[in-house]
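Enquirer: have a look; sequence and predicted model below, questions after that.
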Amino acid sequence: MTYLVTDNCIRCKYMDCVEVCPVDCFYEGDNMLVIHPDECIDCGVCEPECPAEAIKPDTEPNLDKWLKINTEYAEKWPNITIKRDAPADAEKFDGEDGKFEKYFSAEPGQGD
C-alpha cells in the first residue's frame, strides 16, 4: 500500500506533508506534489497534515489514475523535503472540481 496525492493538491500545493515524511518520498511539480509509490512506507503521517485533504491511501476506490500520475511524475520531478509557503491564492482553489483538467502542469517544481 502507498499514499497518493490527488487533484485537490493542484494550485493549493500546501507543503505541510513534506516536513513530516520520514522517507522523503515527495516530489515537486510546478503546481502540485506527488508521492513516489515505491518509496512510501505507508506510515500515513502525511495524510492528516494536508489542509486540502489531497492525500489518500491507494486502497480507496477509483485512484488508479492517481497511482499512475504519482508514479510517472515522481520519476521526473525533483525531490522536496522542506516546507515552503503555499501559493498566495491556494485557498481560492481548495476544493474546486476538475482541477486536473483545468490546471495541471507537467513542469517540474523547484525541489530542495
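Expert: Ah, there it is. All figures in this text were calculated on a predicted structure; none of them were measured in a lab.
Enquirer: phi, psi of residue 68?
Expert: phi -60, psi -50 (degrees, to the nearest 10).
Enquirer: neighbours of it, how many?
Expert: 12 (other Cβ atoms under 10 Å). Glycine gets a C-beta too; all of them are placed from N, C-alpha and C.
Enquirer: do you know how far it is from residue 85?
Expert: 29 Å (Cβ to Cβ, to the nearest Å).
Enquirer: what does residue 41 give?
Expert: With Cβ to Cβ as the criterion, residue 41 and residue 85 are 27 Å apart.
Enquirer: ok, residue 1 - contacts?
Expert: 42, 57-59 (Cβ atoms under 8 Å, 6 or more residues apart in numbering).
Enquirer: in PyMOL, how would I select the buried members of the residues you listed?
Expert: A single PyMOL command selects the buried members of these (16 or more other Cβ atoms under 10 Å):
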select buried, resi 58
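Enquirer: if residue 27 is in a bridge, with which residues?
Expert: residue 34, residue 79 (DSSP bridges).
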